[in-house]
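Peer 1: curious how this folds, go ahead:
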Amino acid sequence: FDSFVYLDNGEVIASFSHLGSGSKPSTVGIAKSKDNCSTWKVIYKKKGIFDEKWLTVVFFDKNHGWAIPEHRTGTGGYTNDIYYTSHAGKTWQKITTSWDPRFSEIIPLTEKKALMLSWSAFVTGERFVYLNTGNTIRRKALNCKELENIFKEHNESIEKSPSGVMLYEMYKAEHLFGYSEGLSDEPCKSK
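Peer 2: Next up is the predicted model:
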């Protein structure tokens, strides 16, 4: 298995993959366990000629979740694609952006809204946050005021996510370099 998600209802969801080579097909899938990982049931599986693993899978609840694929080739594994499910992982919708944000993490806020964290430049450590609403990813990175409003409105959801806690702690410590709008090196200022 590549990624595990422990749901509030006691179920565990895991992604799995096998990358083929040449004309051998690749496989990506999702399995679910209802008995603390003793047995697994495959609930989604796709095969074909592709080059991705789903190493980041997160769920807001038992039905709504997101996956970020990592490619074997390319720029550090980050991608401009994400997948979304509203059917407990049984079906997935691929969402491709028209630019290259290189998504690395997802923070679920509601069933349809999530913060999408991305690396702008790995060497400089600049990261940006985009808002995904109803499977439409806003192209412009959130500015500090917008982030502050999201922290207030979705505090409970953010506290459930390790990435959300990290993002909020960096904001409170005024170390959110690169999260601000544009290419600013100024950190967000908490109040």
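
Peer 1: when you work out contacts or count neighbours from here on, use the C-alpha atoms and nothing else.
Peer 2: Noted.

Peer 1: show me where the chain has its strands.
Peer 2: 3-6, 12-18, 26-33, 41-48, 52-59, 65-71, 81-85, 93-96, 103-108, 113-121, 126-133, 136-137 (DSSP state E).

Peer 1: for Glu159, find the nearest of those strands.
Peer 2: strand 103-108 (9.8 Å; Cα to Cα).

Peer 1: pLDDT on that closest one, on average?
Peer 2: Strand 103-108 comes out with an average pLDDT of 88.

Peer 1: that strand packs against which elements?
Peer 2: The elements that strand 103-108 packs onto, with contact taken as 3 or more Cα pairs under 8 Å, 6 or more residues apart in numbering; DSSP states H and E, are strand 52-59, strand 65-71, strand 113-121, helix 155-160, helix 162-172.

Peer 1: can you show me the CA trace of it as PDB?
Peer 2: Only the C-alpha atoms of strand 103-108 are listed here, as PDB (Å, rounded to 0.1, in the frame of the first residue of the first chain):
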ATOM      1  CA  PHE A 103       0.400  20.100  -5.700                       C
ATOM      2  CA  SER A 104       2.000  18.400  -2.700                       C
ATOM      3  CA  GLU A 105      -0.700  18.300   0.100                       C
ATOM      4  CA  ILE A 106      -4.500  18.700   0.600                       C
ATOM      5  CA  ILE A 107      -6.300  20.000   3.600                       C
ATOM      6  CA  PRO A 108     -10.100  19.100   3.400                       C
END
